[in-house]
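> Could you look at this predicted model? Sequence included:
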Amino acid sequence: RLDENMTLEKRVWMEYGQNTTYVQYVLSAAPGKGERDAPLTLTLTPYCLYRNYHSTTRGDANWHFLVEDQGNRCRIRAYEGAPACFLALGSSAHYTPTGNWFWGVKHRRDAERGLPDSEDVYQPGTFRLQMTPGERVTIVLSSEPQLQAEFGGSQHEVAVEKAWTRHQQRVQQLLATANQSKDSLPQRDPVLARLILAADQFIVARPARARDSQPDSGQGHLSTELKTVIAGYPWFTDWGRDSMISLPGLLLGTGRYDEARALLKAFASYTHGGLIPNRFPDSGEAPEYNTIDATLWLFYVLDRYIATTGDWSLLNELFLTLSSSVDWHVEGTSYGIGVDPADGLLRGGTPGVQLTWMDARVGDWVVTPRHGKPVEVNALWYYALTCMESWAGRFSLDASRFSQLRSKVREHFARRFWYDAGGYLYDVVDVEGIAGQHDASLRPNQLFAASLTPSLLTGEQMRSMLQKVTETLLTPLGLRSLSPDDPSYCKHFDGNQQQRDGAYHRGTVWQWLIGPYVDVHLSVYNDRAALRSLLQPLVQHLWDACLGTISEVAEPEPPFTPAGCYAQAWSVAEVLRCWRSVQV
């Protein structure tokens, strides 16, 4: 608000499938207050950087960005040969070159995180233009090879209006697709509508592996047919685990079945040693495979995909890959991952390597190694074997090896994992490969033993475990990653990287874990009204931090301040999935 009579509204959107952003300003006057002696002057001053999002820029008095003044648009490059960025405004704007460095600009949030907190930014020039009430002005920023000819000319705002129409049409198409899905998501629910749009922000194209390259080469070209999920903004790329956990909410829950299929094919195509990638590095080098659970999540997600779509043809394409993956797990693969023949449970662990979703590492310090037989990993392992037994039967193949191993896991799971003195499940059994040495840390991982495979536990065990989790781990914004009664519990998620990573899975609240909690609560109590109330703080969070999305983590103590990535894929995915599941 400029004063009691005038308001300047700012609207930002991107062109789908392009690196083009629109920043629009609309000047509004209160009713009957639209007359002014003179129009307002709007000055827009862009600041330029050219760096990776993990880095900072250091300017130099002898370094000036290359700026081509093209009237009401300009083309900017950091140096000769660097990719260009275009800035454009309408014909009423006046561009004045400046070419100044602003030294030592402070980044408060980076300072809080113990990161380099100042950098130099380059100001190529300023745009000035006159505005009267009811007028709108839009600056277009693009790093596409060519900028649409109308931008920067007399038809600038007309072209912008067409871009806004395209954006609105895509929004309506996303909502319509979700509304037509098997599990209809009514557009009249504004919470679901907001979550559907938030989900779209994480779904991107994945480079297809070159035909003659190795699965771990990292070589490939961008393909519109293969999809992946950006785990979180602004720091993460695509992770196998995050993509699998997010898929039911982001894609199946929004009716985007073709993209779900493409994502499953993309990750399966990179299988190596029976494992799908844990992470695709930022700079495109070879994928990393240090994960014991991401591949098992693929079995679960494929099962959900088939149940939702009835598309058995994808299983036809992937069955041999999946069967080979089970063989690798039985015989042993990377990072000590393999089956213990004594109980059929899956174990894993190599010194200095993190394998589960609790993967914080600082230098050589793996904060929560969880080497041995983690509880959620073995729930997933049982689920995968159950799927393979059923799928092999569908193809009239011998399923005995899957059924025998599944039966052995079922026989030993509760016997090995149930911590009778605590009334909940051990987090890891046979820690570091030492038989009988169990980790009784009260963590949320045990929920998956009931949410994925409730048949592994008795009803009494499920209720007892749920009560313990509710009493110690549940918060308004998700679940703590460790009980406050544990000596290793960290009350705060702040400080430098070592302090934050040290607390990452030792108390910090994770929003995505509300998913398995809701699943188990529904299974035990079937009280949707209570769960709708439980989810309200997470719904409100859509408008509290980064508008329209959900954060990665939160502080473990009141007021549970959001932290980490300001937009996290599996947070959005699981809240969307849960919100739908608790509707009447």
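Right, received. Where do you want to start? Numbering: from 1, shown residues only.
> can we go C-alpha only for contacts and neighbour counts from here?
Will do.
> Can you find the helix or strand in the chain with the smallest mean pLDDT?
Scoring the helices and strands of the chain by mean pLDDT, DSSP states H and E places strand 220-229 at the bottom, with a mean of 65.
> domain assignment for the chain?
For the chain, the TED database gives the domain ranges 6-178, 186-209+221-582.
> which residues are in contact with the helix ranked longest in the chain?
Criterion DSSP state H: the longest helix present in the chain is helix 156-179. Outside helix 156-179, the residues that touch it by C-alpha atoms under 8 Å, 6 or more residues apart in numbering are 13-16, 22, 89-91, 137-138, 150-151, 184-187, 193, 196-197, 253-256.
> picking that back up, need the domains of the chain in JSON lines with mean neighbour count, can you?
Shown next, in JSON lines, are the domains of the chain (neighbours: other C-alpha atoms under 10 Å):
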{"stretch": "domain 6-178", "mean neighbour count": "16"}
{"stretch": "domain 186-209+221-582", "mean neighbour count": "20"}
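> ranking those domains by mean pLDDT, which is last?
Mean pLDDT per stretch puts domain 6-178 lowest among these, at a mean of 92.
> Kindly export the longest helix of the chain (C-alpha atoms) in PDB.
The C-alpha trace of helix 156-179 is given here as PDB (Å, rounded to 0.1, in the frame of the first residue of the first chain):
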ATOM      1  CA  HIS A 156       4.400  -5.700 -25.000                       C
ATOM      2  CA  GLU A 157       1.400  -5.700 -22.600                       C
ATOM      3  CA  VAL A 158      -0.700  -7.500 -25.200                       C
ATOM      4  CA  ALA A 159       1.900 -10.300 -25.400                       C
ATOM      5  CA  VAL A 160       2.100 -10.400 -21.600                       C
ATOM      6  CA  GLU A 161      -1.700 -10.700 -21.400                       C
ATOM      7  CA  LYS A 162      -1.600 -13.700 -23.700                       C
ATOM      8  CA  ALA A 163       1.100 -15.200 -21.500                       C
ATOM      9  CA  TRP A 164      -1.100 -14.700 -18.400                       C
ATOM     10  CA  THR A 165      -4.000 -16.300 -20.200                       C
ATOM     11  CA  ARG A 166      -1.800 -19.300 -21.000                       C
ATOM     12  CA  HIS A 167      -0.800 -19.500 -17.400                       C
ATOM     13  CA  GLN A 168      -4.400 -19.400 -16.200                       C
ATOM     14  CA  GLN A 169      -5.400 -22.000 -18.800                       C
ATOM     15  CA  ARG A 170      -2.700 -24.300 -17.500                       C
ATOM     16  CA  VAL A 171      -3.900 -23.800 -13.900                       C
ATOM     17  CA  GLN A 172      -7.500 -24.700 -14.900                       C
ATOM     18  CA  GLN A 173      -6.200 -27.700 -16.900                       C
ATOM     19  CA  LEU A 174      -4.300 -29.000 -13.800                       C
ATOM     20  CA  LEU A 175      -7.400 -28.700 -11.700                       C
ATOM     21  CA  ALA A 176      -9.600 -30.300 -14.300                       C
ATOM     22  CA  THR A 177      -7.200 -33.200 -14.700                       C
ATOM     23  CA  ALA A 178      -7.200 -33.800 -10.900                       C
ATOM     24  CA  ASN A 179     -11.000 -33.500 -10.800                       C
END
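> So which residues of the stretch 301-450 of the chain form strands?
Using DSSP state E, counting those that start in this stretch, the strands of the stretch 301-450 of the chain run over 338-339, 346-347, 361-362, 365-366, 373-374, 418-419, 424-425, 428-429.
> Make CSV out of these and add distance to Asp439.
Formatted as CSV, the strands of the stretch 301-450 of the chain follow (distance: least, C-alpha to C-alpha, whole Å):
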stretch, distance to Asp439
strand 338-339, 19
strand 346-347, 14
strand 361-362, 19
strand 365-366, 16
strand 373-374, 9
strand 418-419, 10
strand 424-425, 9
strand 428-429, 5
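> quick one, which of the ones you listed is nearest to Glu460?
strand 424-425 (10.6 Å; C-alpha to C-alpha).
> Looking at Leu185 now. What's its pLDDT?
On the pLDDT scale, Leu185 gets 53.
> Surely Gly125 touches Leu87?
No - the criterion here is C-alpha atoms under 8 Å, and Gly125 misses it with Leu87 at 10.6 Å.
> Walking through the stretch 51-200 of the chain, point out its helices one by one.
Secondary structure of the stretch 51-200 of the chain (DSSP state H, counting those that start in this stretch): helices at 108-112, 156-179, 190-200.
> For Glu432, which of the ones you listed is the nearest?
helix 108-112 (35.4 Å).
> Run through who's touching that closest one.
Pro116, Asp117, Asp494, Gly495, Asn496.
> returning to that earlier point: off-centre distance for the longest helix of the chain?
Helix 156-179 has its C-alpha centroid displaced from the chain centroid by 24 Å (C-alpha atoms, centre = their mean, to the nearest Å).
> Specify the stretch among the strands of the stretch 301-450 of the chain that is closest to Cys546.
Closest to Cys546 of the strands of the stretch 301-450 of the chain is strand 361-362 (C-alpha to C-alpha; 26.6 Å).
> What helices and strands are in contact with that closest one?
Counting contacts by 3 or more C-alpha pairs under 8 Å, 6 or more residues apart in numbering; DSSP states H and E, strand 361-362 packs against helix 497-503.
> Quick one: name whatever helix or strand follows the helix it packs on.
Reading on from helix 497-503 to the C-terminus, the next helix or strand found by DSSP states H and E is strand 509-510.
> list the helices and strands that next one packs on?
On the basis of 3+ C-alpha pairs under 8 Å, 6+ apart, strand 509-510 makes packing contacts with strand 478-480, strand 553-554.
> tell me what the first one is packed against?
Meaning strand 478-480. Packed on strand 478-480, when contacts are counted by 3+ C-alpha pairs under 8 Å, 6+ apart, are strand 509-510.
> following the strand it packs on, which helix or strand shows up next?
The helix or strand immediately downstream of strand 509-510 is helix 514-525, counting by DSSP H and E.
> how far does the very next helix or strand once past that following helix sit from the chain's center?
Moving toward the C-terminus from helix 514-525, the first helix or strand encountered (DSSP H and E) is helix 528-541. Centre-to-centre, helix 528-541 and its host chain are 21 Å apart (C-alpha atoms, centre = their mean).
> could you give the angle of helix 528-541 to helix 514-525?
170 degrees (axes from the mean of the first three to the mean of the last three C-alpha atoms, to 10 degrees).
> can I get the CA coordinates of helix 528-541 in PDB?
The C-alpha trace of helix 528-541 is given here as PDB (Å, rounded to 0.1, in the frame of the first residue of the first chain):
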ATOM      1  CA  ARG A 528     -11.400 -38.700   9.700                       C
ATOM      2  CA  ALA A 529     -12.800 -35.700  11.500                       C
ATOM      3  CA  ALA A 530     -10.000 -35.800  14.100                       C
ATOM      4  CA  LEU A 531      -7.500 -36.000  11.300                       C
ATOM      5  CA  ARG A 532      -8.900 -33.100   9.400                       C
ATOM      6  CA  SER A 533      -8.400 -31.000  12.600                       C
ATOM      7  CA  LEU A 534      -4.900 -32.500  13.000                       C
ATOM      8  CA  LEU A 535      -4.000 -31.300   9.500                       C
ATOM      9  CA  GLN A 536      -5.200 -27.700   9.900                       C
ATOM     10  CA  PRO A 537      -1.900 -26.300  11.000                       C
ATOM     11  CA  LEU A 538      -0.200 -27.800   7.900                       C
ATOM     12  CA  VAL A 539      -3.000 -26.300   5.800                       C
ATOM     13  CA  GLN A 540      -2.500 -22.900   7.400                       C
ATOM     14  CA  HIS A 541       1.200 -23.300   6.700                       C
END
